[in-house]
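Trainee: build the 3D model from these lines:
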Amino acid sequence: MSIGARFLSRLLLFCKRKFISAWSAPIARLHRAWYLTKLAIQTLCYNQHLDLNYALDTLLEPIFWFVDHFTAALGPVFVFMVINFLSAYVVIAYAIGLPFWWNRSVPVTCIALILGNYLLINVVFHYYMALVTPPGQPPPDRLLFEVISICKKCMTPKPPRTHHCSVCDKCILKMDHHCPWLNNCIGHFNHRFFFSFCLFTWIGTIFVMIFGAVIAYEHFFLSNDDLNTTVLKNNSTSVTTNNSLYTKLEEQISLLRNGAIIFELLLTVGVFLAIGALGGWHAKLITRGETCVETYINKKEKEKAAKLNKKFINPFDKGPRENWRIFLGLNRPEISLKHILFPSTHLPMDDGLRSS
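Mentor: Numbering: from 1, shown residues only. Sure thing, here's the model as predicted:
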């Protein structure tokens, strides 16, 4: 090794030692300060059970408080919004879609009217039934042999699959969830109406997409300038004239039509995605014989069983086919498929007090 290389090596080693000696003490003090701060915080706030789920529950507690205290008050507002949106949606579909297709094809218009009104009747019927049908409560004046526990909030007997709704402040038989858009809990007696409303609403958006696609395409992408002008040619000169002179009223109608089509388009796509996701989720739960509440309960039970090297089996799962038959009421001998495809007020066969 040359003299220059040895000198450079010793210089680097010297600088390293000086750097370490100069910064070791401040770094040690910072490390100790961080340790003491961490120790003080953990001394005051340490919780052995703290995990991500616990932290999320704590952070979301204000939202839960708001839901518990204001959802019931806002329920009528949400119902009013649904009724008004649905009414505007139907009026626009008739005002714009009916004349358009009538001028195109009378047979297609008749088919659209039959299908559209069939879907509309089912949507309105099932929404109304889900709105006014009580989800079911444990009877207070009856001795319940099916009771498996006592509700800690309302101090009443709880049959299997019964849960307390913090919004309604009462126990609900086979509770699924509280729906603010219905201002009602979804439980044993109105779950079918709720799901049918979602299903027919989703099919209705597909219906509007099919028959409204042509209307939207011609409105936004095809120009009507060529239809409203005529070109007169005389040797070397040409004159362009307007066949229709728009008045202010006609311009306002045109703007109103444009806004209505945009409203219909946005609402259709939004409802298609939202109701599609919601309905798909509920269809999956029905197939597995679960409710929304039981999904989280069963998830925890599966985790407990997995730690014990065991497999959790949902005691309420009768198999996909039987789960759907029970849910739709097809296990009743007098109920057939026509009661599902057309409006029917039939309720589940059992009273909701047993583990079905």
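Trainee: the one residue sitting closest to the centre of the chain: which element?
Mentor: Geometric centre of the chain, nearest residue: residue 278, 4.4 Å, by C-alpha atoms, centre = their mean. Using DSSP states H and E, residue 278 sits within helix 248-288.
Trainee: name the helices or strands packed onto that helix?
Mentor: Judged by 3 or more C-beta pairs under 8 Å, 6 or more residues apart in numbering; DSSP states H and E, the packing partners of helix 248-288 are helix 61-92, helix 191-221, helix 292-307, helix 320-328. For glycine as for every other residue, the C-beta is placed from the backbone atoms N, C-alpha and C.
Trainee: all the helices of the stretch 1-150 of the chain, in order from the start?
Mentor: Ranges of helices within the stretch 1-150 of the chain are 3-45, 52-59, 61-92, 98-104, 106-132, based on DSSP state H, counting those that start in this stretch.
Trainee: could you dump the ones you listed to CSV with mean neighbour count?
Mentor: Listed next are these as CSV, based on neighbours: other C-beta atoms under 10 Å:
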stretch, mean neighbour count
helix 3-45, 10
helix 52-59, 10
helix 61-92, 13
helix 98-104, 14
helix 106-132, 16
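Trainee: looking at the ones you listed, spot the one closest to residue 170.
Mentor: Smallest distance to residue 170 across the helices of the stretch 1-150 of the chain (C-beta to C-beta): 11.5 Å, for helix 61-92.
Trainee: and the angle for the helix holding residue 278 with helix 191-221?
Mentor: Helix 248-288 runs at 140 degrees relative to helix 191-221, counting by axes from the mean of the first three to the mean of the last three C-alpha atoms, to 10 degrees.
Trainee: quick revisit: measure the residue nearest to the centre of the chain to residue 220 for me?
Mentor: 29 Å (C-beta to C-beta, to the nearest Å).
Trainee: shaky segments in this structure?
Mentor: Scanning the chain for pLDDT under 70 picks out 1-7, 18, 46-54, 57, 60, 64, 67-69, 142-148, 223-246, 355-356.
Trainee: and for residue 211, nearest residue in space, chain neighbours not counted?
Mentor: residue 112 (5.5 Å; C-beta to C-beta, 6 or more residues apart in numbering).
Trainee: surely the one you found meets residue 212?
Mentor: No: applying C-beta atoms under 8 Å as the test, residue 112 and residue 212 come out as separate, 10.3 Å apart.
Trainee: what residues are shared contacts of those two?
Mentor: residue 97 (C-beta atoms under 8 Å, 6 or more residues apart in numbering).
Trainee: which residues touch residue 343?
Mentor: Counted by C-beta under 8 Å, 6+ apart, residue 343 has contacts 121-122, 125-126.
Trainee: looking at those, which is nearest residue 62?
Mentor: For the contacts of residue 343, the nearest to residue 62 is residue 126 (34.3 Å; C-beta to C-beta).
Trainee: these two touch, right, that closest one and residue 196?
Mentor: Yes: with contact defined as C-beta under 8 Å, residue 126 reaches residue 196; the gap is 4.3 Å.
Trainee: ok, residue 182 to residue 326 distance?
Mentor: 22 Å.
Trainee: so what touches stretch 311-328?
Mentor: By C-beta under 8 Å, 6+ apart, stretch 311-328 touches 161, 191-192, 195, 286-290, 294, 298, 301-302, 304-306, 330-331, 335, 340, 348-349, 355-356.
Trainee: list buried residues within those residues.
Mentor: 161, 191-192, 195, 286, 288-290, 294, 298, 330-331, 335, 340, 348, 356 (16 or more other C-beta atoms under 10 Å).
Trainee: surely residue 195 touches residue 281?
Mentor: No: at 10.7 Å, residue 195 and residue 281 do not qualify as touching, with contact defined as C-beta under 8 Å.
Trainee: quick one: common contacting residues for these two?
Mentor: With contacts defined as C-beta under 8 Å, 6+ apart, no residue is shared by residue 195 and residue 281.
Trainee: of the helices and strands packed on helix 248-288, which is nearest residue 103?
Mentor: Judged by C-beta to C-beta, the one of the helices and strands packed on helix 248-288 that comes nearest to residue 103 is helix 191-221, at 11.5 Å.
Trainee: so that closest one versus helix 106-132, what angle?
Mentor: On the basis of the same axes, to 10 degrees, helix 191-221 is oriented at 140 degrees to helix 106-132.
Trainee: packing partners of helix 191-221?
Mentor: helix 98-104, helix 106-132, helix 248-288, helix 320-328.
Trainee: how about CSV for these, with distance to residue 63 added?
Mentor: Formatted as CSV, the helices and strands packed on helix 191-221 follow (distance: least, C-beta to C-beta, whole Å):
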stretch, distance to residue 63
helix 98-104, 44
helix 106-132, 25
helix 248-288, 19
helix 320-328, 31
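Trainee: so which of the ones you listed is nearest residue 207?
Mentor: Using C-beta to C-beta as the measure, helix 106-132 is the one of the helices and strands packed on helix 191-221 that comes nearest residue 207, at 5.9 Å.
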